[in-house]
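Student: fold the following, please.
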Amino acid sequence: MQGRLAEMIARHAGPGRIVWIGLRPARRADVVAAEEAQIALDGLQGDHARPGARAVTLIQAEHLEAIRALARAPGAGFADLRRNLAVAGINLAALRGRSIRVGGAVLRVTGPCAPCSRMEAALGPGGHSAMRGHGGMTAEVLVAGPARLGDAVTPLEDPPA
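Tutor: Residues are numbered from 1 along each chain as shown. Predicted structure coming up:
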């Protein structure tokens, strides 16, 4: 039974795609949308990233509507959420611990990206709570490469542990 469950968790209907790219030039700077970015080993070039397990932040594009509704912030956009990549069509939470190809780069999804206190300012009172469970995932960069809007996001076969 356990093997079957692991098999189902690992199965995806198809690849996802990048629908938004954001760069944070400095720690508290506004997020700048981009059509493409170079993903380096320490994060997106031009982004104030944290090297290692949090080098790249990803958010599920489908969660934007839920965040807008929960925060009562109908005008909120991906830039307000301060993540690097918005991905549609594949469940990021199901990829935790897995390697994924994102455009020409390879990332390992390391864990949830918890919302910060800045969500209260960006989304209004209750913004932090609205993001809980919808904050996306963090990832480390295994192989550097370019990422462009529309590029595929595909799970890779990881070697057995």
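
Student: residue boundaries of the helices in this protein?
Tutor: Here the chain has its helices, by DSSP state H, at 2-10, 63-71, 78-81, 118-123, 127-131.

Student: what mean pLDDT would you report for the second one?
Tutor: This predicted structure assigns helix 63-71 an average pLDDT of 95.

Student: what of the first one?
Tutor: Mean pLDDT, helix 2-10: 75.

Student: so what touches that helix?
Tutor: Among residues not part of helix 2-10, those counted as contacts by C-beta atoms under 8 Å, 6 or more residues apart in numbering are Ala94, Arg98, Pro155. Where C-beta positions appear, they are placed from N, C-alpha and C, glycine not excepted.

Student: then that helix to PDB, C-alphas only?
Tutor: In PDB, the C-alpha atoms belonging to helix 2-10 read as follows (Å, rounded to 0.1, in the frame of the first residue of the first chain):
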ATOM      1  CA  GLN A   2       2.800   2.400   0.900                       C
ATOM      2  CA  GLY A   3       4.500   1.900  -2.400                       C
ATOM      3  CA  ARG A   4       1.300   2.700  -4.300                       C
ATOM      4  CA  LEU A   5       0.700   5.900  -2.300                       C
ATOM      5  CA  ALA A   6       4.300   7.000  -3.100                       C
ATOM      6  CA  GLU A   7       3.700   6.200  -6.700                       C
ATOM      7  CA  MET A   8       0.500   8.300  -6.800                       C
ATOM      8  CA  ILE A   9       2.200  11.200  -5.000                       C
ATOM      9  CA  ALA A  10       5.000  11.200  -7.500                       C
END
